[in-house]
Each structure stands twice: as C-alpha cells, then as structure tokens.
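>>> Here is the input, now give the coordinates:
(chains A and B)
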Amino acid sequence: MRALCWNGVNDLRVERVPDPRILGPRDAIIKVNLSSVCGSDLHLIDGYVPTMKPGDIIGHEFMGEVVEKGPEVLRLNRGDRVITVSIIGCGKCWHCEHEEYSLCDNSNPQPAYEEAAYGHCTAGIFGYSHAFGGYAGSHAEYIRVPFADTNCFRVPDGVRDEQAVFVSDAVPTGYMAADMAGIKPGDVVAVWGCGGVGQMAMRSALLMGAEKVIGIDRYPDRLKAAQMKAGAEPLDYTRVDVYDALLAMTGGRGPDVCIDAVGMEADGFDTGVEYWYDRTKQALGLENDRSGVLRQMIQCCRKGGTLSIVGVYGGFIDKFPMGAAMNKGLTFRMGQQHGQRYVKRLFEHIEKGELDPSYLLTHKWSLDDGPRGYRMFKEKNDDCMRVVFAP
Amino acid sequence: MALDTLTDGPEAGTTERWVAIMGGTALGLAGLRRGSWALAALGGGLFLAGAAGVPLAEPVARRVREGGLPAMRRMDVAGLLPTMDRDPTTTQANVTIATEPEKLFRFWRNFGNLTKLFPHLDAVEVQSDTESCWKAHGPGGMRVVWHSRLDKVRENELITWHTLVDAELPHRGSVMFHPAPGGRGTEVRLTLVYRPPGGQGGRVVSRLFGSAPEQQAREALRRLKRIMEAGELPTIDGQPRGRRGMREIVE
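Numbers count the residues shown, from 1 in each chain, chains lettered A, B, ... in the order given. Model (predicted):
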C-alpha cells in the first residue's frame, strides 16, 4: 500500500510499504477513506518531538471501513463505516474504566521513553512518535487499530464522511477543552487559536451555555470562520492588544475560561521580546516549548477563573508566571482528549445540526500530495484550515 | 528504598555535585535537542544526583579498580551509575492491577505462567510441593538452570522462594498481593534479592538480569498487568514502515 512516511525533519515521502496485518486478537484493519492533517503533526515534522524514527507512518485523525478483524473483536463487523479515536485505550485498565482513555496504562508498547521523561507512561497514539507507542499512522491506504472494540465507533447514517473524520480528534479535543473548563451560564470563554481544535472548542463552549465566546488568531480566514461558523467574536492579536481587548469585552473582569488550542509552537502571541526569547532558546535546544499563549492566558484570565489546555506540549517551558497563577487563584485543567467518552454525544450534536465540523475540511487531496499538503497546512496558504487525504 | 540510598552513603563533594548538575543539564538539553530520550534521561539523572549529593565518581572509580566493569561493550550508562550499594542487592517493583488478588495469586502460583513474564525464562518444572527446576537462557543461547524452593505461601497474599545451593544465580524472591484502596484492584510487589558472586557467576547475573535488574522486575509486573487487564501484550512488531525504517530492521 501507499503511505506517508516521516524520514527526517521536514522530510515526508509517499512510499510503498507492506499492508498492515492483525497482530493481536483485539485488532482490526481499517481501509482509510479520509485522513486529516493535524496541527500536532507539525511538531513531529518540525522535529520538536523526539523519538521519531525514519520510516514512521504519520497521521492520526481518520475514518474508514472495517475490512478485517481479530477473533476477539465482538462489536464490529466487516463493512462497518467507522471513525477511530486517535488516542488508543485498552478499555480494561482503571483509567479506561473511568473514561480517561488517553491515560490508559496498557496501550503504549514502548513505555520506557515516557516513564523516563514524565514519570509514568500514557496511552499510545497513532503516528505520533515512539514515545507514544510508535503505532503506524493513518496517512495510508490501510491501518491496524488495536483494541478495536474500544477505539472504533460506527458512524450513524445521518453523518457524512467529511463530518465524521474530525470526530476522531479535533471535535472531541475541542469539546473536552470546553467540558474540562466546567462552563456555567453567563461565562465568557476566550479561545487562543482558531484552527480545527479551537473552532470546535468555541462551538462546544456555546453548546454548553457560554454567554460569549472570543476567538483569538491572526489569520483572517480562520477568524472569519470563528465568527461565521463557530459563533465567536474574532480578535486579531496583530491588530489589538489582547489583554486590553479582552478586558474591554468583559467589563474589566477578564474571561472566566481561557482555552489554549495552540500548544508548544505558539507564534507571536507574546510581545516581541518574550517571543524571541522563547524562539531562540527553543532553537538552541534550551527549551522545548514556547509558552506565549500560556503566559497571556494567565495574565488575562479573571481571578479564580479556569485555564483549559488542549494545545500539545512535549517538554519544558520557561518563565512560567507562577506568581500570577497562584495569587489569582486560577484552576488549570489539561490533557490529551478522552475521545471515546464523547463520540456518541458528538454524533448526536452533528445529527441534530448543532455542530458541523465539515467546514474544517478546506482541501481534499490524494495521499500522493501528502508532502505538499503539509507544506500548505504549515504555511497556511490558500485559506487552508485542514487538508484531508483520500487515499 | 531510594531514600536509603540517598541518605546512607557518603555525600558527594561540592565540586562533584556541581559538575553533575551542570553536566546533567547540558546532557539533558542536548538529548532533548537531538531527540535522544536516553541522553535526556541520563542528563536528568545526573542533574538529580548532583542536586541530591549522590556520589558518582567514587563508586565508578571503585568499580573500575575492582574490575567490576567487564561487559562494557556499548556505552552502558546503567552499569556506570551506582545502584543500591549494598550486598546482597535488592530490587523491587510495584504495580496496581485492576483485578482481584485471587486471580493474580493463582496466575503466579502456576509457575509455568512465569515464562510469560520473564522472556529469558524457558520453562519451570514443578518437581514436588515445594521444589521446582527453572530453565533460562542468556544472550547467545547460554543455558542456565537452577532449583528453587518455596518458603511461604499465604493464599491470595504472598509467595516467597529461594534458590537451592547449586544455583548459578542465587537469589530470594517474594511477590505480595494486597487489595488496593478505592476499588483500584490489587497492589502487587515483586522483590528480588540476589548476591552476585564474583567471576563466572557475576557475569551470569549481569547477563540474565541485564545491567538494570529493577528494569526486569518492573517489566515482569508490567507484562502481568497487561495480560490480566488487556488480555494481550500490545505490540508494534510486524507493522508496516517506510523503506528507511525497514532497512534499519533488516540491519
């Protein structure tokens, strides 16, 4: 089959590789219909996430059809149209039983990396470096899914492929960001980053009863989508001072909830000096993650408010304003998505027309255009929100 | 136990501590930069050792003096760092498994199952109520055989054993099962105490247990957990990779 392989920093190639096969009794093989790029892939491609190996197949947000299953897969059948949550749960450990699938004890076959770096290992993720298990990713014609009964979900007839594919990752990640924040009626929610996850976080916050949602970015097309599709008030951080604007929009209180949908490669959210301080340290290898968004959220958030972090971080951050966070009594919630917890609810929202993630798909290309697709996604040309590959 | 190590031994000198802290920081950052988690972890370890005042130079120097570093073919980091500096050596691993103690006890009590937990173990033959014969292999197919005797067996709680005199790898072991609080299942504690003899025997120990016996104990409990909970050991062996990755595997 054809697959998009990582061969080094900024070196992606479409290659012929062997077809995947069933390796465990609870595995299934999915024929991929659609597989989306994701902002977090850029961290791998740019070389900010260690433990990538040449030949690794990337991609983790996908939907398709069950073509083969292991003897212990009971709930799925050949021919089922399914989405697969990008983070793998075993379905049986304490965390999975408590719907904390991304904290699964068992799904990461290479736990040593994370145990050394983080103290404990978390769940395996498709196409997301060997620290997260080294599972082959979804930018391919076929993919093997472990613990398929736990991680695959049949797509209802009323939901199209172009909507379903994002229920693999972007939708549950955004939804969880809003859910973790414990939004109450009357809350004002500010979302940093108007990419796929940010868009879904904004829409979800409104579904959960937020009074007002503010989307912060610098790309006009994304700000427009935040306004027209997600129902947010757009805020261009290159034109206004974010702190001044947010306080003006909230009667001086600051947003009750601040959501980080950007992560470790934050661009220019800081004042110039701090950004270049982070950027330089990152380039020299003295700091992994730029943290401009986090600093700004802590500064802007109302006293006693909540920060909800779903943008991905990998290592260390620097100049963390702990004094402000502590004295303002802020609550921090964060984590990789527990998509399996939300899929049913999300399909219901989509079927009722309350949520339509299909507008995230701005470019549907062949897998052969993989390297070009990522280049465009990274440079955000042509109003690109998400490139989705149809192998 | 980790605390014992930090407090029992002599403290490292100030210079040594700062060298460890600075070197650890540099190595750690270099590791993160180059994408080497092993290097990053080593850097982190050095940093912590420096910060806690764990002596590094003297134990390494002593090992080199005493010729205790025979199998250093690769740059083997774990062999250089001081392990718990006591004789005999004790290693321990702990894990919580989401099942009841009875199931885990029954699994362990059937010694044949232990080959699923220790990859170097080929077979365990039960010879009487208390005695059993263990057959293992080291790298290059080197065969190791020893006999073990059960000491204590408390139903659903505890199993302890020790090797008989002929063992090339004399050790004592115990596994304890204790209900975890809050319905979290069972806390399992595996303790292995062994006395690495000099010469040939010492090499057997290092080959069987590798340079990090704690790692072996921890991996064994991880396998137990995954078998009991997930019903399988998750793997990526045999999945497709791009050409450069496949070439690496062939090499």
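>>> In chain A, which residue sits closest to chain B?
Using CB to the nearest CB, the single residue of chain A nearest to chain B is A:Gly55, 2.0 Å away. For every residue, glycine as well, the C-beta is placed using N, CA and C.
>>> how about the helices of the chain, start to end?
With no chain named, the answer covers chain A. In chain A, the helices defined using DSSP state H lie at A:39-45, A:94-97, A:111-118, A:148-151, A:161-164, A:170-180, A:196-207, A:220-228, A:242-249, A:272-283, A:292-300, A:322-327, A:339-351, A:370-379.
>>> The chain in question should be chain B.
Along chain B, the stretches classed as helices by DSSP H are B:2-8, B:14-34, B:37-52, B:57-65, B:77-80, B:101-109, B:199-209, B:213-229, B:243-250.
>>> now A:Gly55: how far from A:Met334?
A:Gly55 is 32 Å from A:Met334, where distance means CB to CB, to the nearest Å.
>>> who's more crowded, those two?
Using other CB atoms under 10 Å in any protein chain shown as the criterion, A:Gly55 and A:Met334 rank with A:Gly55 on top: 23 against 13.
>>> And the more buried one, how far from A:Tyr135?
Distance from A:Gly55 to A:Tyr135, by CB to CB: 13 Å.
>>> Domains in the chain, by residue range?
Since you didn't name a chain, this refers to chain A. Split into domains by automatic domain parsing, chain A comes to A:2-169+A:337-389, A:174-334.
>>> The chain in question should be chain B.
Domain assignment for chain B by automatic domain parsing gives B:2-80, B:89-229.
>>> need the least confident one among those domains, by mean pLDDT.
Among the domains of chain B, domain B:2-80 carries the lowest mean pLDDT, at a mean of 49.
>>> How many residues are close by the spatially closest residue to B:Glu125 that is not a sequence neighbour?
Distances taken as CB to CB, 6 or more residues apart in numbering or on different chains put B:Cys133 closest to B:Glu125, at 4.5 Å, once the chain neighbours are dropped. B:Cys133: 15 surrounding residues under other CB under 10 Å.
>>> OK, contacts around B:Cys133?
Contacts here follow CB atoms under 8 Å, 6 or more residues apart in numbering or on different chains; on that basis B:Cys133 touches B:Val124, B:Glu125, B:Gln127, B:Val145, B:Trp146, B:His147, B:Ser148.
>>> Quick check, the second one in contact with B:Val145.
No. In terms of CB atoms under 8 Å, B:Glu125 does not count as a neighbour of B:Val145; the distance is 9.9 Å.
>>> Now for these two: what residues contact both?
Residues within reach of B:Glu125 and of B:Val145 at once, by CB under 8 Å, 6+ apart, are B:Cys133, B:Lys135.
>>> Any idea which of the helices of chain A gets closest to A:Lys364?
Taking CB to CB, helix A:161-164 is the member of these nearest to A:Lys364, at 7.9 Å.
>>> which helices and strands sit right next to that closest one?
Contact here means 3 or more CB pairs under 8 Å, 6 or more residues apart in numbering or on different chains; DSSP states H and E; on that basis helix A:161-164 packs against strand A:28-36, strand A:81-84.
>>> would you turn the ones you listed into TSV with mean neighbour count and distance to A:Asn10?
Shown next, in TSV, are the helices and strands packed on helix A:161-164 (neighbours: other CB atoms under 10 Å in any protein chain shown; distance: least, CB to CB, whole Å):
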stretch	mean neighbour count	distance to A:Asn10
strand A:28-36	24	20
strand A:81-84	24	27
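>>> now do the same end-to-end measure for stretch A:13-33.
Length of stretch A:13-33, first residue to last, CA to CA, to the nearest Å: 20 Å.
>>> ditto for stretch A:161-168
End-to-end distance for stretch A:161-168, by CA to CA: 11 Å.
>>> Contact residues of the stretch 101-250 of chain B facing chain A?
Taking CB under 8 Å from any CB of the partner chain as the measure of proximity, the stretch 101-250 of chain B contacts chain A at B:184-185, B:222, B:225-226, B:229-248.
>>> can we see that at 7 Å?
B:184-185, B:222, B:225-226, B:229-230, B:232, B:234-236, B:238-246, B:248 (CB under 7 Å from any CB of the partner chain).
>>> Filter these down to just the buried residues.
Among these, the ones that count as buried by 16 or more other CB atoms under 10 Å in any protein chain shown are B:185, B:222, B:225-226, B:229-230, B:232, B:234-236, B:239-242, B:244-246.
>>> and B:Leu169, how many neighbours does it have?
B:Leu169: 20 neighbours (other CB under 10 Å).
>>> Repeat that for A:His60.
27.
>>> give me every residue that touches it.
Counting by CB atoms under 7 Å, 6 or more residues apart in numbering or on different chains, A:His60 touches A:Cys38, A:Ser86, A:Ile125, A:Phe126, A:Gly127, A:Tyr128, A:Gly137, A:Ser138, A:Asp169.
>>> For it, grab phi and psi.
phi -140, psi 0 (degrees, to the nearest 10).
>>> Distance of it relative to A:His139?
Going from A:His60 to A:His139 by CB to CB gives 9 Å.
>>> still on that earlier bit, any chance of CSV for the helices and strands packed on helix A:161-164, columns mean pLDDT and distance to chain B?
Output for the helices and strands packed on helix A:161-164, formatted as CSV (pLDDT from 0 to 100; distance: least, CB to the nearest CB, whole Å):
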stretch, mean pLDDT, distance to chain B
strand A:28-36, 98, 11
strand A:81-84, 98, 15
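>>> And the closest residue to A:Ala148 other than its chain neighbours, how close does it get to B:Asn110?
What sits nearest to A:Ala148 in space, not counting adjacent residues and going by CB to CB, 6+ apart, is A:Ala28, at 3.5 Å. A:Ala28 sits 32 Å away from B:Asn110, taking CB to CB as the criterion.
>>> and if you look at A:Ile183?
The span separating A:Ile183 from B:Asn110 equals 52 Å under the rule CB to CB.
>>> and those two? which has more neighbours close in?
Ranked by neighbour count (other CB under 10 Å), A:Ile183 and B:Asn110 place A:Ile183 first, with 25 against 11.
>>> Find me whatever residue is spatially closest to the more buried one, sequence neighbours aside.
Of all residues not flanking A:Ile183 in the chain, A:Met208 sits nearest, at 4.5 Å (CB to CB, 6+ apart).
>>> and the stretch 51-200 of chain A, which of its residues are near chain B?
Residues of the stretch 51-200 of chain A lying near chain B (CB under 7 Å from any CB): A:51-57, A:90, A:92-94, A:97, A:105-107, A:109, A:111, A:113, A:116-117, A:124, A:131, A:133-136, A:144, A:146.
>>> and if we set it to 8 Å?
Residues of the stretch 51-200 of chain A that fall close to chain B, judged by CB under 8 Å from any CB: A:51-57, A:72, A:90-94, A:97, A:105-111, A:113, A:116-117, A:124, A:131, A:133-136, A:140, A:144, A:146-147.
>>> Please check the residues you listed and keep the buried ones.
Among those, the ones that count as buried (16+ other CB under 10 Å) are A:51-57, A:90-94, A:105-111, A:113, A:116-117, A:124, A:131, A:133-136, A:140, A:144, A:146-147.
>>> show me what contacts the residue nearest to A:Ala148?
Listed by CB under 8 Å, 6+ apart, the contact partners of A:Ala28 are A:Ile22, A:Val66, A:Glu68, A:Lys69, A:Gly70, A:Val73, A:Leu76, A:Arg144, A:Val145, A:Ala148, A:Cys152.
>>> pretty sure the fifth one contacts A:Phe147?
Just to be clear, that refers to A:Gly70. No. Judged on CB under 8 Å, A:Gly70 makes no contact with A:Phe147 at a distance of 9.8 Å.
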